[in-house]
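Participant: sequence and predicted structure are below.
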Amino acid sequence: MMTIDQIKKSVFSLILISMGIFLCSNASYANMRGILTVNAGADAQLTLPNNTINLSGSATSSTGIILSYSWVKIEGPSTYSLSNQNTPSPTFSGLVEGVYTLELTVTDDESNVVSDTINIVVSSRILIDFGSSLTASPDANGNYWNNVTSASNGIKLTNAVTVQNNLTSIGFQVVNRIDGTFNTGGPGVNSVNTVGLVNDYPNSATTDYAFAHPSTNTGRWRLTGLDTSTIYVVKFWGTRSGVPDPRIIEIKMEDE
(Lines give C-alpha, C1' and ligand atoms only; values in the text may rest on other atoms or scores of the structure.)
Protein backbone atom coordinates (compact mmCIF):
# COMPACT_ATOMS: atom_id res chain seq x y z
CA MET A 1 0.00 0.00 0.00
CA MET A 2 1.56 3.33 -1.06
CA THR A 3 2.04 6.03 1.53
CA ILE A 4 0.65 9.46 0.50
CA ASP A 5 2.50 12.38 2.09
CA GLN A 6 0.19 14.80 3.83
CA ILE A 7 1.38 18.35 3.25
CA LYS A 8 0.26 21.16 5.56
CA LYS A 9 -0.04 24.59 3.92
CA SER A 10 1.66 27.52 5.68
CA VAL A 11 -0.19 30.80 6.41
CA PHE A 12 2.90 32.86 5.43
CA SER A 13 2.74 33.95 1.79
CA LEU A 14 6.49 34.24 1.39
CA ILE A 15 7.01 30.67 2.50
CA LEU A 16 4.24 29.48 0.18
CA ILE A 17 6.00 31.10 -2.76
CA SER A 18 9.39 29.71 -1.84
CA MET A 19 7.89 26.23 -1.28
CA GLY A 20 5.94 26.23 -4.53
CA ILE A 21 8.65 24.60 -6.58
CA PHE A 22 9.23 21.93 -3.92
CA LEU A 23 5.54 21.03 -3.72
CA CYS A 24 5.23 20.66 -7.47
CA SER A 25 8.40 18.63 -7.62
CA ASN A 26 7.25 16.27 -4.86
CA ALA A 27 3.84 15.71 -6.47
CA SER A 28 5.51 14.85 -9.74
CA TYR A 29 7.80 12.34 -7.98
CA ALA A 30 4.86 10.70 -6.21
CA ASN A 31 3.08 10.26 -9.54
CA MET A 32 6.15 8.61 -11.00
CA ARG A 33 6.50 6.03 -8.23
CA GLY A 34 5.37 2.59 -9.30
CA ILE A 35 2.62 0.48 -7.82
CA LEU A 36 3.62 -2.47 -5.58
CA THR A 37 1.14 -5.35 -5.51
CA VAL A 38 1.42 -8.14 -2.94
CA ASN A 39 -0.51 -11.43 -2.70
CA ALA A 40 0.01 -13.79 0.25
CA GLY A 41 -1.92 -16.55 -1.54
CA ALA A 42 -5.27 -18.19 -0.99
CA ASP A 43 -6.59 -19.20 2.43
CA ALA A 44 -6.02 -22.89 3.15
CA GLN A 45 -7.35 -25.72 5.31
CA LEU A 46 -5.40 -28.60 6.83
CA THR A 47 -6.72 -31.68 8.58
CA LEU A 48 -4.49 -33.26 11.20
CA PRO A 49 -2.23 -35.21 11.20
CA ASN A 50 -1.26 -33.13 8.15
CA ASN A 51 0.27 -30.08 9.84
CA THR A 52 2.61 -28.63 7.22
CA ILE A 53 1.95 -26.28 4.33
CA ASN A 54 4.22 -24.59 1.80
CA LEU A 55 3.10 -20.98 1.41
CA SER A 56 3.17 -19.26 -1.96
CA GLY A 57 3.34 -15.48 -1.87
CA SER A 58 4.03 -13.16 -4.78
CA ALA A 59 4.74 -9.50 -5.46
CA THR A 60 5.10 -7.25 -8.48
CA SER A 61 6.32 -3.68 -8.78
CA SER A 62 5.27 -1.77 -11.90
CA THR A 63 8.50 0.24 -12.12
CA GLY A 64 10.70 -0.84 -9.21
CA ILE A 65 12.66 -3.81 -7.93
CA ILE A 66 11.54 -6.05 -5.05
CA LEU A 67 13.98 -5.70 -2.17
CA SER A 68 12.59 -7.88 0.59
CA TYR A 69 9.94 -10.36 1.71
CA SER A 70 8.97 -10.93 5.32
CA TRP A 71 6.41 -13.39 6.73
CA VAL A 72 5.15 -13.21 10.34
CA LYS A 73 2.37 -14.94 12.24
CA ILE A 74 0.07 -12.26 13.65
CA GLU A 75 -2.75 -14.38 15.11
CA GLY A 76 -3.39 -17.98 16.11
CA PRO A 77 -1.87 -20.73 18.28
CA SER A 78 1.64 -20.25 19.60
CA THR A 79 2.76 -23.68 18.38
CA TYR A 80 4.27 -23.52 14.89
CA SER A 81 7.49 -23.31 12.90
CA LEU A 82 8.10 -20.84 10.08
CA SER A 83 11.21 -21.47 7.97
CA ASN A 84 12.63 -19.37 5.12
CA GLN A 85 10.36 -16.54 6.21
CA ASN A 86 12.26 -13.96 4.15
CA THR A 87 11.39 -15.67 0.87
CA PRO A 88 8.15 -15.67 -1.16
CA SER A 89 7.49 -19.34 -0.34
CA PRO A 90 8.31 -20.35 3.25
CA THR A 91 7.30 -23.57 4.99
CA PHE A 92 4.74 -23.33 7.81
CA SER A 93 4.82 -26.49 9.93
CA GLY A 94 4.30 -28.05 13.36
CA LEU A 95 0.74 -26.71 13.42
CA VAL A 96 -1.99 -27.56 15.90
CA GLU A 97 -5.76 -27.21 15.76
CA GLY A 98 -6.86 -23.61 15.32
CA VAL A 99 -6.82 -20.68 12.90
CA TYR A 100 -3.50 -19.06 12.00
CA THR A 101 -3.22 -15.66 10.32
CA LEU A 102 0.06 -14.82 8.60
CA GLU A 103 1.13 -11.55 7.08
CA LEU A 104 3.44 -11.10 4.12
CA THR A 105 5.16 -7.71 3.88
CA VAL A 106 7.10 -6.71 0.76
CA THR A 107 9.36 -3.69 0.15
CA ASP A 108 10.63 -2.36 -3.17
CA ASP A 109 13.39 0.10 -4.09
CA GLU A 110 10.90 2.96 -4.42
CA SER A 111 10.10 2.93 -0.68
CA ASN A 112 6.77 1.16 -1.21
CA VAL A 113 5.83 -1.19 1.64
CA VAL A 114 2.75 -3.36 1.13
CA SER A 115 1.29 -6.24 3.19
CA ASP A 116 -1.26 -8.97 2.62
CA THR A 117 -2.60 -11.70 4.93
CA ILE A 118 -3.59 -15.34 4.66
CA ASN A 119 -5.57 -17.61 7.00
CA ILE A 120 -4.63 -21.25 7.65
CA VAL A 121 -7.37 -23.34 9.30
CA VAL A 122 -6.10 -26.51 11.00
CA SER A 123 -8.77 -28.99 12.05
CA SER A 124 -8.99 -32.40 13.70
CA ARG A 125 -10.52 -35.52 12.21
CA ILE A 126 -12.67 -38.05 14.05
CA LEU A 127 -13.19 -41.51 12.54
CA ILE A 128 -16.05 -43.79 13.61
CA ASP A 129 -16.29 -47.40 12.43
CA PHE A 130 -19.70 -49.09 12.58
CA GLY A 131 -19.70 -52.86 12.73
CA SER A 132 -18.63 -55.96 14.59
CA SER A 133 -15.09 -56.07 13.18
CA LEU A 134 -13.11 -53.58 15.24
CA THR A 135 -10.60 -51.29 13.60
CA ALA A 136 -7.36 -51.35 15.54
CA SER A 137 -5.86 -48.09 16.77
CA PRO A 138 -3.62 -46.87 15.42
CA ASP A 139 -4.28 -48.29 11.96
CA ALA A 140 -1.66 -48.73 9.24
CA ASN A 141 -1.78 -44.98 8.57
CA GLY A 142 -1.27 -44.11 12.23
CA ASN A 143 -4.89 -42.99 12.75
CA TYR A 144 -6.92 -43.75 15.88
CA TRP A 145 -10.53 -44.93 15.52
CA ASN A 146 -13.75 -44.97 17.51
CA ASN A 147 -15.64 -48.27 17.17
CA VAL A 148 -19.42 -48.61 17.40
CA THR A 149 -20.38 -52.29 17.22
CA SER A 150 -24.15 -51.75 17.45
CA ALA A 151 -26.47 -49.25 15.79
CA SER A 152 -29.57 -50.12 17.82
CA ASN A 153 -31.71 -47.45 19.46
CA GLY A 154 -30.01 -45.76 22.41
CA ILE A 155 -26.43 -46.73 21.52
CA LYS A 156 -24.04 -43.94 22.51
CA LEU A 157 -20.44 -42.99 21.91
CA THR A 158 -19.01 -40.35 24.23
CA ASN A 159 -15.73 -38.42 24.23
CA ALA A 160 -14.64 -39.56 20.80
CA VAL A 161 -10.90 -39.38 20.11
CA THR A 162 -9.29 -37.69 17.14
CA VAL A 163 -7.02 -39.49 14.71
CA GLN A 164 -4.17 -38.34 16.96
CA ASN A 165 -5.82 -39.95 19.98
CA ASN A 166 -6.84 -36.68 21.62
CA LEU A 167 -10.04 -36.75 23.67
CA THR A 168 -12.88 -34.49 22.53
CA SER A 169 -16.36 -33.61 23.76
CA ILE A 170 -17.88 -35.05 20.59
CA GLY A 171 -20.42 -37.80 21.06
CA PHE A 172 -22.76 -39.89 18.92
CA GLN A 173 -26.15 -41.43 19.65
CA VAL A 174 -28.53 -43.65 17.71
CA VAL A 175 -31.98 -42.17 18.27
CA ASN A 176 -33.81 -44.33 15.69
CA ARG A 177 -32.03 -47.14 13.89
CA ILE A 178 -31.62 -46.78 10.14
CA ASP A 179 -32.23 -50.44 9.21
CA GLY A 180 -35.96 -50.09 9.94
CA THR A 181 -37.80 -53.38 10.29
CA PHE A 182 -35.19 -55.41 8.40
CA ASN A 183 -33.96 -57.22 11.51
CA THR A 184 -35.22 -55.62 14.69
CA GLY A 185 -33.56 -58.34 16.76
CA GLY A 186 -30.13 -57.57 15.33
CA PRO A 187 -27.61 -54.86 16.19
CA GLY A 188 -28.39 -52.73 13.14
CA VAL A 189 -24.98 -53.34 11.59
CA ASN A 190 -23.60 -55.93 9.20
CA SER A 191 -20.18 -57.04 8.02
CA VAL A 192 -20.86 -58.88 4.78
CA ASN A 193 -19.38 -56.31 2.42
CA THR A 194 -16.33 -57.60 0.60
CA VAL A 195 -14.83 -54.41 -0.84
CA GLY A 196 -12.41 -53.43 1.90
CA LEU A 197 -9.26 -51.29 1.83
CA VAL A 198 -10.86 -48.34 0.04
CA ASN A 199 -8.80 -45.16 -0.18
CA ASP A 200 -7.19 -44.51 3.21
CA TYR A 201 -9.74 -46.59 5.12
CA PRO A 202 -8.50 -49.98 6.41
CA ASN A 203 -10.20 -53.25 5.54
CA SER A 204 -11.95 -53.60 8.91
CA ALA A 205 -13.63 -50.19 8.55
CA THR A 206 -14.81 -50.66 4.98
CA THR A 207 -16.26 -54.13 5.42
CA ASP A 208 -18.40 -52.96 8.33
CA TYR A 209 -21.34 -50.67 7.91
CA ALA A 210 -24.42 -49.37 9.66
CA PHE A 211 -27.06 -51.16 7.60
CA ALA A 212 -29.66 -48.95 5.93
CA HIS A 213 -32.94 -50.41 4.68
CA PRO A 214 -35.84 -48.90 2.65
CA SER A 215 -38.30 -49.88 5.38
CA THR A 216 -37.29 -46.94 7.54
CA ASN A 217 -38.24 -43.31 7.18
CA THR A 218 -37.51 -42.30 10.76
CA GLY A 219 -33.82 -43.17 11.03
CA ARG A 220 -32.12 -40.62 13.23
CA TRP A 221 -28.58 -40.16 14.52
CA ARG A 222 -27.49 -37.38 16.84
CA LEU A 223 -24.11 -35.69 17.23
CA THR A 224 -23.48 -34.21 20.67
CA GLY A 225 -20.85 -32.07 22.34
CA LEU A 226 -20.53 -29.64 19.44
CA ASP A 227 -19.04 -26.17 19.94
CA THR A 228 -21.04 -23.28 18.50
CA SER A 229 -17.84 -21.43 17.59
CA THR A 230 -16.49 -24.33 15.54
CA ILE A 231 -17.27 -25.35 11.97
CA TYR A 232 -17.90 -29.09 11.51
CA VAL A 233 -17.86 -31.09 8.30
CA VAL A 234 -19.60 -34.47 8.54
CA LYS A 235 -18.92 -37.18 5.99
CA PHE A 236 -20.84 -40.46 5.76
CA TRP A 237 -19.14 -43.17 3.76
CA GLY A 238 -20.27 -46.71 3.09
CA THR A 239 -20.06 -49.58 0.65
CA ARG A 240 -21.98 -52.70 -0.19
CA SER A 241 -21.20 -55.41 -2.72
CA GLY A 242 -23.08 -58.31 -4.27
CA VAL A 243 -26.55 -56.71 -4.11
CA PRO A 244 -28.31 -55.92 -7.42
CA ASP A 245 -30.91 -53.48 -6.10
CA PRO A 246 -29.85 -49.87 -5.48
CA ARG A 247 -29.87 -48.49 -1.96
CA ILE A 248 -30.17 -44.73 -1.60
CA ILE A 249 -29.89 -42.84 1.67
CA GLU A 250 -30.90 -39.22 2.01
CA ILE A 251 -29.05 -37.58 4.87
CA LYS A 252 -30.09 -34.17 6.11
CA MET A 253 -29.93 -32.08 9.25
CA GLU A 254 -32.92 -31.95 11.57
CA ASP A 255 -35.74 -29.70 10.32
CA GLU A 256 -34.29 -29.45 6.82
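Facilitator: Cool, the structure landed. Everything numeric here is computed off the predicted structure, so don't read it as measured data.

Participant: helices along the stretch 101-250 of the chain, start to end?
Facilitator: In the stretch 101-250 of the chain, the helices defined using DSSP state H, counting those that start in this stretch lie at 203-206.

Participant: low pLDDT regions in it?
Facilitator: By pLDDT under 70, the low-scoring segments of the stretch 101-250 of the chain are 196, 241, 245-247.

Participant: 80 - rerun?
Facilitator: Along the stretch 101-250 of the chain, the parts satisfying pLDDT under 80 run over 191-200, 238-249.

Participant: could you pull out the strands for it?
Facilitator: Secondary structure of the stretch 101-250 of the chain (DSSP state E, counting those that start in this stretch): strands at 113-123, 128-130, 146-148, 156-157, 171-176, 189-190, 209-210, 220-224.

Participant: correct me, but S204 touches S132?
Facilitator: No - S204 lies out of contact with S132 (CB atoms under 8 Å); the separation is 9.8 Å. All C-beta atoms are positioned from the backbone trio N, CA, C, and that covers glycine.

Participant: out of the strands of the stretch 101-250 of the chain, the one nearest N199 is which?
Facilitator: Among the strands of the stretch 101-250 of the chain, the nearest to N199 by CB to CB is strand 128-130 (14.2 Å).

Participant: the closest one packs against which elements?
Facilitator: strand 146-148 (3 or more CB pairs under 8 Å, 6 or more residues apart in numbering; DSSP states H and E).

Participant: comparing S204 and S132, which residue is more hemmed in?
Facilitator: S204 (20 against 14; other CB atoms under 10 Å).

Participant: can you give me the neighbour number for the spatially closest residue to F172 that is not a sequence neighbour?
Facilitator: Leaving aside its chain neighbours, F172 sits nearest to L157 (4.2 Å; criterion: CB to CB, 6 or more residues apart in numbering). Look at L157: counted by other CB under 10 Å, it has 17 neighbours.

Participant: right, and L157 touches T149 too?
Facilitator: No - using CB under 8 Å, L157 is not in contact with T149; the gap is 10.4 Å.

Participant: re earlier: among the strands of the stretch 101-250 of the chain, which is nearest D200?
Facilitator: Checking the strands of the stretch 101-250 of the chain against D200 by CB to CB gives strand 128-130 as the closest, at 13.2 Å.

Participant: L167 touches N159, doesn't it?
Facilitator: Yes - counting by CB under 8 Å, L167 does reach N159; the two are 5.3 Å apart.

Participant: count the neighbours of the closest residue in space to P90 that isn't next to it in sequence for me.
Facilitator: In space, and not counting its chain neighbours, P90 is closest to N84: 4.3 Å by CB to CB, 6+ apart. For N84, the count of nearby residues is 13 (other CB under 10 Å).
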